[in-house]
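[1] Could you look at this predicted model? Sequence included:
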Amino acid sequence: MRNVLIPCNRLVRLLRVRTGSSHVLSTVGRAVWAREVATWSPLGTAFNTKTAKRLNLFRENVGLFEVPELTSPSGFQRAEAKVAREAAELVEATIGAPTGIQVVQLFDKLSDTLCRVADLADCIRVVHPNPKFAHAAQQTCFHIGALVEQLNTNIGLYDALKRLLHDEAAMASMDEESRRVAELFMFDFEISGIHLPDLQREMAVQLNEDILTLGSDFSKGVNTPNAVPKSVLPDHLKYCFSVDGDKVIVQNMHSDSGNDAIREAAYKLYLHPNPQQERVLETLLSARNRLAQLVGYPTFAHRTLKGTMARDPETVMSFLKATGEGLIHRTMEEFSLMRKYKAKHSPSNPNLAPWDPPYYSAFIKADRFKIDPTEYAPYFSLGACMEGLNCLFSQLYRISLQPQETHNGEIWDSEVKKLAVIHETEGILGHIYCDFFQRPGKPHHDCHFTIRGGRQLDNGDYQIPVVVLMLHYPPPTMTKPTLLTPGMMENLFHEMGHAMHSMLARTRYQHVTGTRCSTDFAEVPSVLMEYFASDYRVLSQFARHYQTDETLPEDMLRKLCESKKLFQASELQQQVLYAIVDQVYHGKHPLGKSTTDIFAELQNKYYGLPHVQGTAWQLRFNHLVGYGAKYYSYIMSRAVASRLWHQCFKDDPFSGTMGERYRREMLAHGGGKDPKLMVESMLQKQLSTEDLVQSLIDDLAE
């Protein structure tokens with residue numbers, strides 16, 4: 001199963017199963033704080049006021065997401081049984097289909113049949129407050145995952161696809177997207193080793209199972225606190241941490257502590273090497289490498305990067321090293337500034353250490369810019385931010401976000417809002433379920449879940465996409481709407497970038513709909529939205545005080561943007577280090593050294609602050625599980641998004657001409673087209689490594 005905190009990953013391999021109102025307006029009252037100088041739109045009202053409860057005694061339960069089987073937890077079993085029947089029929093039809101595009105269409109139908117339940121279950125197991133629903137959804141994820149594993153080894157399906165790919169005339173007769181989807185299905189098939197002799201195929205199946213287990217074990221270890229004897233700490237530090245009997249429990253690195261000694265102790269104790277955790281990591285890396293070589297790739301990184309923007313690990317390493325070299329001068333200047341502040345704050349210990357940057361970067365920003373996030377929050381009520389997004393999208397894409405009535409049983413919490421995304425001429429493009437508010441037991445993470453992918457139906461209609469956005473904001477009250485800090489507002493724009501990718505894609509196949517694309521491309525639309533969230537022309541359209549209607553003063557935004565630039569080089573330099581570590585771990589094996597020795601060597605070479613002996617940071621690096629060989633993706637996505645912003649949107653962030661072109665050249669294709677070609681088509685030039693690095697450097701210089 002995929003890590004639910006990584007929204008763009010696939011749940012399983014072959015079929016990419018992944019595992020998102022008028023009623024509102026009629027059931028909410030105007031709160032006592034409502035601004036008098038202007039009125040909220042229906043969209044703003046939906047998000048700025050608390051939904052009134054209403055009885056559902058006489059309303060038919062339509063089931064979660066209007067899936068009729070899902071009126072109760074036991075409905076997941078009925079949904080599973082229906083999937084199994086339909087899948088069996090589609091498998092039979094696919095095996096017997098004549099060689100041609102029909103094979104691709106049947107594969108996609110089979111994928112869609114599984115995804116429409118597995119994706120939904122993957123979301124519900126995370127978001128539903130009822131433990132019975134969550135447990136039933138969890139079981140469905142397991143059961144459909146097992147069914148997919150069976151299909152991964154179905155020789156009849158594999159042979160049908162292989163005949164198609166080997167038929168040059170049939171492949172030539174198909175459109176580009178159909179050919180790409182056929183190749184993607186085959187790539188996923190062969191990851192299971194189905195093309196190998198029996199003994200090797202069994203080894204591949206076992207390695208896949210081992211990798212899942214080892215990944216789960218590593219993640220558990222990442223989040224396990226370190227317990228150390230109280231005797232190892234001096235008396236003045238013993239009770240700065242949780243205490244359990246004669247043990248001190250260190251649960252994190254205490255990066256925000258103003259006490260240098262506490263930060264140092266927490267860093268060294270929390271990152272103290274755990275031999276068992278290191279064995280798990282090294283076994284996981286070895287298993288991935290063995291699997292990659294078994295199915296025909298020199299390294300796990302080569303296998304993972306096939307079909308991405310980067311193409312191969314050589315390109316990734318070239319990009320990361322060049323980025324690091326381009327940043328190092330600014331990084332050292334930033335470290336020098338931190339040292340000056342530390343010397344004043346702690347004259348007896350002025351040397352800058354790896355546990356210092358998080359604290360001193362925040363301290364210096366606060367000292368220089370005197371930014372209080374609570375001063376900004378009144379200008380960013382959630383309803384106002386949603387109105388701002390609606391205003392932006394209406395100009396860029398000619399779409400509107402319209403609150404919809406939800407039916408009894410359709411949503412899992414009364415505060416979930418449903419939006420229809422409606423185009424001026426194309427009609428409804430899709431639906432977004434907005435699960436934005438805190439509640440007991442809800443994970444504290446921002447996620448995008450695909451519930452149903454878009455695809456062309458046999459009758460010519462289009463199956464519209466459905467997604468869930470999960471955020472973690474305080475709910476509105478009768479005296480105040482939900483107010484967002486600048487960081488929360490930026491996160492909202494980021495996640496809506498993912499949602500628009502899903503809504504605006506119009507792929508023929510759901511296998512490549514929206515965010516179902518390479519990871520280094522999937523983050524481009526969301527990161528691009530962060531640039532809009534920092535542009536005063538955009539913010540001035542909606543950032544108004546919820547009580548006075550005063551527009552956010554431009555000098556407040558300027559100060560905020562300047563504070564975000566400070567220490568951006570050193571923060572990015574650290575991410576470059578982590579990405580390089582990820583590439584080396586998933587490169588040529590045997591590694592020749594322990595993962596700790598490798599990390600120490602790379603930190604000393606690429607970061608600017610020396611590795612601390614007796615620590616093993618990589619054993620807390622959970623992204624090695626979900627983003628193995630792909631951690632570079634966010635850095636590369638930011639470089640591409642920066643180039644898109646400066647070349648296409650900076651002069652006019654509301655350009656409808658550019659917005660339509662962006663949709664046509666990039667968003668519309670999802671993962672159905674080579675991502676590198678989509679970017680080059682949009683920018684009308686080939687992007688070199690030097691171009692990407694320069695985009696990141698230029699961002700720092702602005």
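    All right, it came through fine.
[2] pretty sure residue 391 is touching residue 541, no?
    Yes - between residue 391 and residue 541 there is a contact at 5.1 Å, judged by C-beta atoms under 8 Å. Where you see a C-beta, it was placed from the backbone N, CA and C, and this is true even at glycine.
[3] Dihedrals phi and psi, the residue lying closest to residue 518 once chain neighbours are set aside?
    The shortest distance from residue 518 to any non-neighbouring residue, by C-beta to C-beta, 6 or more residues apart in numbering, is to residue 308 (4.0 Å). Per-residue torsions, residue 308: phi -90, psi 170 (degrees, to the nearest 10).
[4] for residue 437, same thing?
    phi -110, psi 150.
[5] how about the strands in this protein?
    Counting by DSSP state E, the segments of the chain that form strands are 226-229, 242-244, 247-250, 399-404, 417-423, 427-437, 447-452, 455-456, 462-463, 466-473.
[6] from the ones you listed, which stretch is densest packed?
    Most buried of the strands of the chain, by mean neighbour count (mean count of other C-beta atoms under 10 Å): strand 447-452, with a mean of 25.
[7] packing partners for it?
    helix 101-127, strand 466-473, helix 486-504 (3 or more C-beta pairs under 8 Å, 6 or more residues apart in numbering; DSSP states H and E).
[8] To residue 168, which of the strands of the chain lies closest?
    Ranking the strands of the chain by proximity to residue 168 (C-beta to C-beta) places strand 455-456 first, at 25.0 Å.
[9] returning to what we had before: reformat the strands of the chain into TSV and put distance to residue 99 and mean pLDDT next to each item.
    Compiled in TSV, these are given as follows (distance: least, C-beta to C-beta, whole Å; pLDDT from 0 to 100):
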stretch	distance to residue 99	mean pLDDT
strand 226-229	58	91
strand 242-244	64	89
strand 247-250	61	92
strand 399-404	40	98
strand 417-423	37	98
strand 427-437	33	98
strand 447-452	29	96
strand 455-456	21	98
strand 462-463	26	98
strand 466-473	33	98
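[10] Make JSON lines out of those strands and add distance to residue 126.
    Formatted as JSON lines, the strands of the chain follow (distance: least, C-beta to C-beta, whole Å):
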{"stretch": "strand 226-229", "distance to residue 126": "28"}
{"stretch": "strand 242-244", "distance to residue 126": "28"}
{"stretch": "strand 247-250", "distance to residue 126": "27"}
{"stretch": "strand 399-404", "distance to residue 126": "23"}
{"stretch": "strand 417-423", "distance to residue 126": "18"}
{"stretch": "strand 427-437", "distance to residue 126": "10"}
{"stretch": "strand 447-452", "distance to residue 126": "8"}
{"stretch": "strand 455-456", "distance to residue 126": "24"}
{"stretch": "strand 462-463", "distance to residue 126": "24"}
{"stretch": "strand 466-473", "distance to residue 126": "7"}
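[11] Residue 636 is nearest to which of these?
    Nearest of the strands of the chain to residue 636, taken as C-beta to C-beta: strand 447-452 at 19.3 Å.
[12] quick one: contacts of that closest one?
    Applying C-beta atoms under 8 Å, 6 or more residues apart in numbering, the contact partners of strand 447-452 are 4-5, 7-8, 18, 20, 65, 115-116, 119-120, 122-123, 126, 433, 463-470, 495, 498-499, 502, 510, 513-516.
[13] Next: stretch 631-640.
    The contact list for stretch 631-640 (C-beta under 8 Å, 6+ apart) reads 308-310, 316, 319-320, 323, 518-524, 527, 572, 575-576, 578-579, 582-583, 623-624, 627, 679, 687, 692-693, 695-696, 699.
[14] Same question for stretch 663-673.
    Here stretch 663-673 has contacts from 176-177, 180-181, 184, 397, 500-501, 504-509, 511-518, 521, 524-525, 678-679, 681-682, using C-beta under 8 Å, 6+ apart.
[15] Could you give the separation between the terminal residues of that stretch?
    Counting by C-alpha to C-alpha, to the nearest Å, you get 13 Å between the two ends of stretch 663-673.
[16] what mean pLDDT does that stretch have?
    The pLDDT scores in stretch 663-673 average 98.
[17] For it, list every residue counted as buried.
    663, 665-673 (16 or more other C-beta atoms under 10 Å).
[18] Widest-spaced pair of the residues you listed?
    663 and 671 (15.5 Å).
[19] Okay, now the unreliable bits of the protein?
    By pLDDT under 70, the low-scoring segments of the chain are 1-39, 53-58.
[20] most residues in a single helix of it, which one?
    Determined from DSSP state H, the single longest helix within the chain is helix 313-345.
[21] on that earlier part again, among the contacts of stretch 663-673, which ones are buried?
    Judged by 16+ other C-beta under 10 Å, buried ones among the contacts of stretch 663-673: 177, 180-181, 184, 397, 500-501, 504-509, 511-518, 521, 524-525, 678-679, 681-682.
[22] Tell me which of those fall in helices.
    Per DSSP H, the buried ones among the contacts of stretch 663-673 map to helices at 177, 180-181, 184, 397, 500-501, 504, 521, 524-525, 678-679, 681-682.
[23] Make sure residue 90 is actually in contact with residue 113.
    Yes - with contact defined as C-beta under 8 Å, residue 90 and residue 113 form a contacting pair (6.4 Å).
[24] related to what we said a few turns ago, of all the helices and strands packed on strand 447-452, which one is nearest residue 253?
    helix 486-504 (20.0 Å).
[25] Now that closest one: buried residues?
    So for helix 486-504, counting by 16+ other C-beta under 10 Å, buried means 486, 488-504.
[26] again, but for stretch 324-342
    Across stretch 324-342, burial judged by 16+ other C-beta under 10 Å covers 324, 326-328, 330-331, 334-335, 337-338, 341-342.
[27] what does that stretch contact?
    For stretch 324-342, the external contacting residues (C-beta under 8 Å, 6+ apart) are 260, 349-352, 356-357, 360-361, 363-364, 367, 566-567, 569-570, 572-573, 576-577, 580, 606, 608-609, 693-694, 696-697, 700.
[28] Just the buried residues of the residues you listed.
    260, 352, 356-357, 360-361, 363-364, 566-567, 569-570, 572-573, 576-577, 580, 606, 608-609, 693-694, 696-697.
[29] Helices - which of those residues land there?
    Per DSSP H, the subset of the buried ones among the contacts of stretch 324-342 in helices is 260, 357, 360-361, 363-364, 569-570, 572-573, 576-577, 580, 606, 693-694, 696-697.
[30] Surely residue 642 is in contact with residue 695?
    Yes - using C-beta under 8 Å, residue 642 is in contact with residue 695, at 4.1 Å.
[31] So what's the residue count around the nearest residue to residue 266 once chain neighbours are set aside?
    Leaving aside its chain neighbours, residue 266 sits nearest to residue 254 (3.9 Å; criterion: C-beta to C-beta, 6+ apart). Residue 254 has 21 neighbouring residues, counting by other C-beta atoms under 10 Å.
[32] Was I right to think residue 254 contacts residue 261?
    No - applying C-beta under 8 Å as the test, residue 254 and residue 261 come out as separate, 10.4 Å apart.
[33] For residue 110, which non-adjacent residue is spatially closest?
    Closest to residue 110 by C-beta to C-beta, 6+ apart is residue 90, at 4.3 Å.
[34] now that we're looking at residue 584, which residues does it contact?
    By C-beta under 8 Å, 6+ apart, the residues touching residue 584 are 591, 598, 602.
[35] What of residue 526?
    With contact taken as C-beta under 8 Å, 6+ apart, residue 526 is in contact with 494-495, 497-498, 501.
[36] again with residue 418
    Contacts for residue 418 (C-beta under 8 Å, 6+ apart) come out as 21, 403-406, 410-411, 431-434.
[37] Please apply the same query to residue 439.
    Counting by C-beta under 8 Å, 6+ apart, residue 439 has contacts 129, 413, 415.
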